[in-house]
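In: Please find the sequence and the predicted model below.
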Amino acid sequence: MERTKKLISNSIIFTLGNIGSKLIAFLMVPLYTYTLSSSEFGQVDVLITTVNLLLPIATLSIFDAVFRFSMDRNVDNTAILTSGLIVTVLLAFMGMLFYPVLVFANIPHTLYFILILVTTSLFTLIQNFSRAIGKSKLYATSGIVNGFMFATLNVLFLVILKIGIIGYLLAYLLSLICATIYVSLMLKIWRYIKINSFSLSIVKQMLRYSIPLIPNSLAWWFTNDASRFFILAYVGVAGNGIFAVANKIPSLLNMMFNIFTQAWQISAVEEYDSKDSSLYYSSIFNTLQSFLFLVIGGILVVIKPILQFVISSDFPNVWKFVPILLFSAVFANLSAFLGTVFLAAKKTSGLFTTTVVGMVINITISWILTPYLGINGTSLGGAIGFCIVMLVRLNSINKYIHVQVDWFIFILSMISTILMSYAIYLSGLYQYLFMGVGIAILLISNFSVIQSTYSLLKNFRTKKNNVG
């Protein structure tokens with residue numbers, strides 16, 4: 001019970017931290033539209049997206065290894081952080097050597113690109129270390145500090161000084177520097193850095209862990225984004241726009257899961273060697289699957305009238321493409337959950353191989369179905385691909401932890417949400433009939449999970465109030 005409460009507590013902390021930073025970013029969007037042209041905003045969007053894409057390559061994902069290795073019992077955290085930091089600095093120096101090449105290739109804003117990539121590497125490394133040693137609140141607040149400074153500096157550079165795209169990039173860089181300084185000071189990072197603690201042996205162990213994560217992150221990115229290429233080829237640019245709008249709803253589900261993952265990764269590592277680890281992992285997995293199906297069930301109830309009301313007529317019938325994308329998000333998130341077993345066991349090669357399986361299946365099915373089913377054909381490729389990844393990972397992780405899936409509830413949840421998905425394509429009595437039956441099956445099959453989750457949250461809140 002205590003470990004579940006810890007998972008909930010960490011999830012709440014990361015939720016507050018992420019909502020704070022995401023809310024700041026959301027509120028800044030109108031400012032960008034008034035101070036930057038569409039081409040300028042497109043340039044900075046591509047630059048920041050490229051930074052995030054190249055981050056695992058430029059750092060060899062050493063920040064992931066620092067997080068995982070710092071969570072081991074009886075480990076020398078000074079040796080872990082010092083070794084990871086030195087590797088990051090050396091890689092940053094090597095990256096700077098490419099500066100003349102990028103300038104010669106006429107890459108726009110090369111200096112800012114390099115500096116933002118280097119600063120992001122350092123910030124991510126120290127953030128991950130703080131999360132690993134139990135400083136969850138610091139991890140969350142450092143993200144808020146980054147967002148607040150970014151917003152403040154954007155007002156200064158874009159509104160007051162009016163320096164356009166350079167102001168945006170400068171604000172992005174300086175906010176990262178401020179956040180890095182903040183988390184370093186609060187962590188008193190100098191206590192964990194000693195040059196003589198650098199260990200080549202530890203570096204080799206960490207790189208054996210982190211390097212397989214690089215192709216995995218690229219493959220996962222490609223699995224998610226390959227769909228756009230098929231839609232562009234077979235449906236056209238307008239189809240890709242409709243897909244982008246429809247995909248905003250599942251993206252919210254993915255964002256919620258990503259916040260949960262920040263907390264779960266801590267619990268997954270801490271509980272990996274416990275005597276009842278399989279039982280605990282199974283319990284969390286089954287609760288997660290019920291939660292995901294309940295959420296998409298709730299979305300299916302309201303998605304058609306809401307999108308018909310709020311979306312422009314330039315994007316006709318967007319709601320038709322949401323259901324399959326929701327199933328794709330469910331399978332992707334369950335696959336990602338199972339992937340944490342590989343991280344906890346330090347067997348990251350399994351992550352890559354299973355992701356590649358899903359990527360190949362996704363591309364093959366999308367290639368076959370998109371010419372006939374359009375956007376839904378591409379979405380179906382993603383859903384089937386992630387479903388296969390989930391099943392393959394369930395089998396692969398058995399050598400480390402056996403996750404016992406409650407297939408009865410899983411299948412009933414699938415049937416109920418499929419009925420609800422079918423209902424939104426209907427009208428009149430049949431729509432209400434299928435929707436009602438789907439809702440009834442979904443709630444009845446997941447009632448025990450709903451009841452236990454409510455009781456747990458109630459007890460958790462009561463305890464917090466008593467402490468307060």
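Out: Thanks, I have the structure now.
In: does the spatially closest residue to L338 that is not a sequence neighbour belong to a helix or a strand, and which?
Out: Nearest non-adjacent residue to L338, counting by CB to CB, 6 or more residues apart in numbering: R393, 4.1 Å away. The C-beta positions use only the backbone N, C-alpha and C, and glycine is treated the same way. With secondary structure defined by DSSP states H and E, R393 is part of helix 375-396.
In: quick one: P371 and Y234 touch, right?
Out: Yes. Here P371 reaches Y234: they are 5.0 Å apart, a contact under CB atoms under 8 Å.
In: Comparing those two, which residue is more hemmed in?
Out: Using other CB atoms under 10 Å as the criterion, P371 and Y234 rank with Y234 on top: 19 against 13.
In: Please report the distance of the most centrally placed residue in the chain from S201.
Out: Residue closest to the average C-alpha location in the chain (CA atoms, centre = their mean): N258, at 3.9 Å. Using CB to CB, to the nearest Å, we find N258 at a distance of 33 Å from S201.
In: can you check L161 too?
Out: 50 Å.
In: care to break the chain down by domain?
Out: Here the domain parsing of the chain from automatic domain parsing is 2-207, 212-467.
In: mind putting those in a markdown table, mean pLDDT included?
Out: Below are the domains of the chain laid out as a markdown table (pLDDT from 0 to 100):
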| stretch | mean pLDDT |
| --- | --- |
| domain 2-207 | 87 |
| domain 212-467 | 86 |
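In: Now the helix or strand where F243 lies: buried residues?
Out: According to DSSP H and E, F243 maps onto helix 237-246. The neighbour-count check on helix 237-246 (16 or more other CB atoms under 10 Å) flags G239, N240, I242, F243, V245, A246 as buried.
In: got it, and stretch 299-317?
Out: Neighbour-count burial for stretch 299-317, counted by 16+ other CB under 10 Å, picks out I299, L300, V301, I303, K304, L307, I311.
In: So which residues make contact with it?
Out: 241-242, 245, 249, 253, 318-319, 322-323, 326, 417, 420-421, 423-424, 435, 438-439 (CB atoms under 8 Å, 6 or more residues apart in numbering).
In: before we move on, what about stretch 85-97?
Out: Contact with stretch 85-97 is made by 58-60, 62-63, 114, 117-118, 121-122, 125, 193, 195, 198, 203, 206-207, as judged by CB under 8 Å, 6+ apart.
In: Out of those residues, which sit inside helices?
Out: Among these, DSSP state H puts 58-59, 62-63, 114, 117-118, 121-122, 125, 203, 206-207 in helices.
In: quick revisit: the residue nearest to L338 - how many residues pack around it?
Out: R393 has 26 neighbours, counted by other CB under 10 Å.
In: ok, now the one 4 residues further on?
Out: I397 sits with 23 neighbouring residues when counted by other CB under 10 Å.
In: Alright, that wraps it up for me.
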